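Undergrad: Mind looking at a prediction? Sequence and model below.
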Amino acid sequence: DVKVTQSSRYLVKRTGEKVFLECVQDMDHENMFWYRQDPGLGLRLIYFSYDVKMKEKGDIPEGYSVSREKKERFSLILESASTNQTSMYLCASSSLQQGALRETQYFGPGTRLLVL
Amino acid sequence: AQSVAQPEDQVNVAEGNPLTVKCTYSVSGNPYLFWYVQYPNRGLQFLLKYITGDNLVKGSYGFEAEFNKSQTSFHLKKPSALVSDSALYFCAVRDSRGRRALTFGSGTRLQVQP
């Protein structure tokens, strides 16, 4: 079974703090993604990575950065947390072995972040 | 650009009755369509996908979905709902000419009453 883990289930931070969200997958997947989920808005893509040290901006990258130094790990960084970044953050991964664009994304359990 | 619409915020159905959760999409090329389910305080679980072939796709937990190209729809169905099916359901699309990430709908909450 594919396993995607996220470092924290719940996180409380203060405005202005630097926040790191970690995601690890154990299936040697090439692609990794960060989404945020807000009620009524579904999931919105923040960043994704299709290879080590490679990254592409998603739909809402402002205020976020990412790091992928190893294939299995994809980190989301909030450089200076703000209250409007309070949300559920979901990490996902997928493999190109199913064929590019046809692959299934597998999700981690999510991190619920509260910024005070 | 690719987009997905889930027109219903919530669907209520009695246990044992058939259920349908609606999804329509817009893409430039061929669509690759997915359904995910999210239980409370959990991540998303993959249910099924349409890539090519038969328009009726069968997935996990007795769910199926029908791809209709002319109506650009991919509705999720189940013949007999269970209380345990109560959850948040997301439809997602990827365009064959587009980016690798999925575009998600806003989600539909399914409530199955005993």
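TA: Thanks, I have the structure now.
Undergrad: mind checking how far the spatially most central residue of chain A is from chain B?
TA: Centroid-nearest residue in chain A: residue A:34, 2.5 Å away (criterion: CA atoms, centre = their mean). Counting by CB to the nearest CB, to the nearest Å, the gap from residue A:34 to chain B is 10 Å. Backbone N, C-alpha and C define where each C-beta goes, glycine included.
Undergrad: what's that residue in contact with, if anything?
TA: A:21, A:23, A:45-48, A:58, A:64, A:66, A:74, A:76, A:89-91 (CB atoms under 8 Å, 6 or more residues apart in numbering or on different chains).
Undergrad: Where does the prediction get shaky in the chain?
TA: Using chain A here. A:1-2, A:98-101 (pLDDT under 70).
Undergrad: Near chain B, which residues of chain A are found?
TA: A:4, A:9, A:31, A:33, A:35, A:40-45, A:48, A:50, A:56, A:58, A:90, A:92, A:94, A:100-102, A:104-110, A:112 (CB under 8 Å from any CB of the partner chain).
Undergrad: Across the sheet, point out what pairs with residue A:66.
TA: residue A:76 (DSSP bridges).
Undergrad: Surely it is in contact with residue A:73?
TA: No. Applying CB atoms under 8 Å as the test, residue A:66 and residue A:73 come out as separate, 10.7 Å apart.
Undergrad: Those two: which is more packed in?
TA: residue A:66 (22 against 14; other CB atoms under 10 Å in any protein chain shown).
Undergrad: Tell me who's in contact with that one.
TA: A:34, A:46, A:47, A:49, A:55, A:74, A:75, A:76, A:77.
Undergrad: Distance check, the last one against chain B.
TA: The one in question is residue A:77. From residue A:77 to chain B the distance is 19 Å (CB to the nearest CB).
Undergrad: That residue contacts residue A:67, doesn't it?
TA: Yes. The pair residue A:77 / residue A:67 is scored as a contact, 6.7 Å apart, by CB under 8 Å.
Undergrad: tally of neighbours for residue B:92?
TA: 25.
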